[in-house]
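Novice: sequence and predicted structure, then a few things I'm wondering about:
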Amino acid sequence: MPIYRFKVPTDSVPFEQREKIAVAVTDTHCGQTLAPRHFVHVFFDEQPEGESDYPTRYYLDAINRAGRPQEVKDKLLEDLLGCFTAHTGVSRSEISGRIGETPASWAMEGGQVLPEPGQETAEWYAEVTAD
């Protein structure tokens, strides 16, 4: 369910870097939230240089399930922005972002409505991670 959309200038982030960023974002999200890896979605939306409505040249517009404490969301955002800068060499001052939230009951993965954060049972994890 987590969706991470990096808004980037056209041709500014090569495919090889995108792949590394996507893996790092997935590792970070799953490491902090215990989400199954296949739930994490990472996109790169290109925009012509100078035509962005965002406050910085690069921007992370994300959405996650609601219900996590603010300090968890703040750390997650900072670490995700760090994933981007680590793999691109972009200065931290050139990227900003936000994590929006949606109720878990509004999202589905694998045909199942998601439980609220912290309400995931062992049975639920077994179902959503079964091959």
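Specialist: Thanks, I have the structure now. Residues are numbered from 1 along each chain as shown.

Novice: all contacts plus neighbour counts: C-alpha atoms, from now on.
Specialist: Fine.

Novice: quick one: the strands in this protein?
Specialist: 3-9, 41-47, 58-65, 95-102, 108-109, 112-113 (DSSP state E).

Novice: how about JSON lines for those, with mean neighbour count and mean pLDDT added?
Specialist: Below are those laid out as JSON lines (neighbours: other Cα atoms under 10 Å; pLDDT from 0 to 100):
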{"stretch": "strand 3-9", "mean neighbour count": "20", "mean pLDDT": "97"}
{"stretch": "strand 41-47", "mean neighbour count": "15", "mean pLDDT": "97"}
{"stretch": "strand 58-65", "mean neighbour count": "21", "mean pLDDT": "95"}
{"stretch": "strand 95-102", "mean neighbour count": "17", "mean pLDDT": "96"}
{"stretch": "strand 108-109", "mean neighbour count": "12", "mean pLDDT": "77"}
{"stretch": "strand 112-113", "mean neighbour count": "12", "mean pLDDT": "78"}
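
Novice: turn the ones you listed into TSV, including distance to residue 125.
Specialist: Converted to TSV, the strands of the chain look like this (distance: least, Cα to Cα, whole Å):
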stretch	distance to residue 125
strand 3-9	19
strand 41-47	18
strand 58-65	16
strand 95-102	20
strand 108-109	12
strand 112-113	11
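
Novice: out of these, flag the one nearest residue 74.
Specialist: With Cα to Cα, the closest approach to residue 74 among the strands of the chain belongs to strand 95-102: 8.7 Å.

Novice: please enumerate the helices of this structure.
Specialist: Using DSSP state H, the helices of the chain run over 15-33, 70-88, 122-129.

Novice: make TSV from those and add mean neighbour count and mean pLDDT to it.
Specialist: TSV is the format used below for those (neighbours: other Cα under 10 Å; pLDDT from 0 to 100):
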stretch	mean neighbour count	mean pLDDT
helix 15-33	17	97
helix 70-88	17	97
helix 122-129	12	78
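
Novice: and these: which comes nearest residue 50?
Specialist: helix 70-88 (18.9 Å).

Novice: gap between that closest one and the chain center?
Specialist: 9 Å (Cα atoms, centre = their mean, to the nearest Å).

Novice: show me what that helix packs onto, helices and strands only.
Specialist: Applying 3 or more Cα pairs under 8 Å, 6 or more residues apart in numbering; DSSP states H and E, one finds that helix 70-88 contacts helix 15-33, strand 95-102.
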